[in-house]
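Enquirer: After the sequence you'll find the predicted model.
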Amino acid sequence: TRTLSVASSQGSSVCSPYATPSYFRLVILGSSGVGKTSLLRQFMTSEYMGVIENSGESVWERTVSVLLDGEESTMEFTDAFEEEESLENMNFDGYVVVFSLTDRSSYNNAISTVHKLRNELFIDRAIILVANKSDLVRKREVTADEARAIAMQYDCKYIETSAALNHQVDDLLVGSLSQIRLKLNIHIT
Ligand code: GDP
């Protein structure tokens, strides 16, 4: 595992004793139709980004550059895992688990994914539970309270987004990055 602390050089004359990790790999998980592709698309148009890059290698691999606390980081998103079994072979810095607020079964699926990551695979990296389609207020099937409570139980960050309205999508991007830094013990001073 990669645990780096770059908190302080303790007055040493060395300028930069450690390189701050700045390239992070994330995976987007969730049932079909919850809005994973739409969220990825919105990330790419985020005004928060310093630079926009496309890896060009694969449609499913995208990179975004985010400036947070004066430190630029690159986040590479993968959305390639339809199959549950692939979870075992994953090794990412961050896991974005998406469900739709209008689809209870997608919520159940997201929770079982989170459960598997934390309690079966013992992943201690950042997990962000994303409740998408917050714009469809009247079709809501999952309350914020219950989802937030479950997220807390599994030590996940919880965020509600609307990819359609581009609401809270930047917060998801930035929140994911700060959660990743937190879990990797990276301190930006
Ligand atoms: P994926 O299968 O998880 O990649 O889901 P998509 O991104 O393809 O989205 C599935 C459908 O939900 C599409 O018709 C999207 O336009 C729609 N959709 C995605 N996000 C939202 C949202 O936040 N609000 C609404 N109302 N529709 C959304």
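Expert: Perfect, thanks for sending it. Residues are numbered from 1 along each chain as shown.
Enquirer: ok now stretch 100-120, how far from the chain's centre?
Expert: Averaging C-alpha coordinates over stretch 100-120 and over its chain gives two centres that are 15 Å apart (Cα atoms, centre = their mean, to the nearest Å).
Enquirer: Heading C-terminal from the worst-scoring helix or strand of the chain on mean pLDDT, find the next helix or strand.
Expert: Across the helices and strands of the chain, mean pLDDT, DSSP states H and E gives its lowest value to strand 49-54, namely a mean of 47. Next helix or strand after strand 49-54 toward the C-terminus (DSSP states H and E): strand 61-68.
Enquirer: Heading C-terminal from that next one, find the next helix or strand.
Expert: strand 71-78.
Enquirer: is that next one up against the ligand anywhere?
Expert: No - legend: contact between strand 71-78 and the ligand by Cβ under 6 Å from any ligand atom is lacking; minimum distance shown is 11.9 Å. C-beta here means a position set from N, CA and C on the backbone, and glycine is covered the same way.
Enquirer: wait, does the helix or strand just after that strand contact the ligand?
Expert: Counting by DSSP H and E, the element after strand 71-78 in chain order, helix or strand, is strand 94-100. No - using Cβ under 6 Å from any ligand atom, strand 94-100 stays clear of the ligand, with a minimum separation of 6.6 Å.
Enquirer: Show me which parts of the helix ranked longest in the chain are buried, residue by residue.
Expert: The residue-count maximum for a helix in the chain (DSSP state H) belongs to helix 169-183. By 16 or more other Cβ atoms under 10 Å, the buried positions in helix 169-183 come out as 169-170, 172-181, 183.
Enquirer: Now tabulate those in a markdown table and tack on pLDDT.
Expert: Shown next, in a markdown table, are the buried residues of helix 169-183 (pLDDT from 0 to 100):
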| residue | pLDDT |
| --- | --- |
| Val169 | 93 |
| Asp170 | 90 |
| Leu172 | 95 |
| Leu173 | 93 |
| Val174 | 93 |
| Gly175 | 95 |
| Ser176 | 96 |
| Leu177 | 95 |
| Ser178 | 94 |
| Gln179 | 96 |
| Ile180 | 96 |
| Arg181 | 94 |
| Lys183 | 94 |
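Enquirer: how about JSON lines for those, with distance to the ligand added?
Expert: JSON lines is the format used below for the buried residues of helix 169-183 (distance: Cβ to the nearest ligand atom, whole Å):
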{"residue": "Val169", "distance to the ligand": "9"}
{"residue": "Asp170", "distance to the ligand": "14"}
{"residue": "Leu172", "distance to the ligand": "11"}
{"residue": "Leu173", "distance to the ligand": "15"}
{"residue": "Val174", "distance to the ligand": "18"}
{"residue": "Gly175", "distance to the ligand": "17"}
{"residue": "Ser176", "distance to the ligand": "17"}
{"residue": "Leu177", "distance to the ligand": "21"}
{"residue": "Ser178", "distance to the ligand": "22"}
{"residue": "Gln179", "distance to the ligand": "21"}
{"residue": "Ile180", "distance to the ligand": "22"}
{"residue": "Arg181", "distance to the ligand": "26"}
{"residue": "Lys183", "distance to the ligand": "25"}
